[in-house]
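K.L.:
For reference, the sequence and a predicted model appear below.
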Amino acid sequence: MFLDLNPDRYWDEPAACKSCKRPILSEHATEQLELPFDTQHKLHEMNGIYHAECARPYLSIALALAALGRFPH
């Protein structure tokens, strides 16, 4: 039996940006956002791959929270 671990996209489709939902192609600049698991605020739900331009606001939030000591950078 075949088990599809990612039913939202086909195997040959590129990954989609978590912010704008457009496909991320090989020629696009990307950023990987990794926030720690946080059950209270659910910041870990923002983890994933983004276009570089789409990731800027999220990366600035991550840097600000790291500066405040909320989580390691």
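P.N.:
On my side now, so go ahead.
K.L.:
For the residue nearest to the spatial centre of the chain, list the residues it contacts.
P.N.:
Using C-alpha atoms, centre = their mean, the residue of the chain that lies closest to the mean C-alpha position is Gly48, 2.1 Å off. Neighbour list for Gly48: Lys18, Gln32, Leu33 [criterion: C-beta atoms under 8 Å, 6 or more residues apart in numbering]. In short, each C-beta sits where N, CA and C put it, glycine included.
K.L.:
Whichever of the residues you listed end up buried, select them in ChimeraX.
P.N.:
In ChimeraX syntax, the buried subset of these is picked out as below (16 or more other C-beta atoms under 10 Å):
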select :18,33
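K.L.:
Strands - which of the contacts of Gly48 land there?
P.N.:
The members of the contacts of Gly48 that map onto strands under DSSP state E are Gln32, Leu33.
K.L.:
now, which of the contacts of Gly48 sits nearest Cys54?
P.N.:
Proximity of these to Cys54 was ranked by C-beta to C-beta; the top entry is Lys18 with 7.8 Å.
K.L.:
surely the closest one meets Glu45?
P.N.:
No. Contact criterion C-beta atoms under 8 Å: Lys18 and Glu45 do not qualify, at 9.3 Å.
K.L.:
On the three-state scheme, Pro57 is what?
P.N.:
Three-state assignment for Pro57 (DSSP: H, G, I helix; E, B strand; the rest coil): helix.
K.L.:
All set now, cheers.
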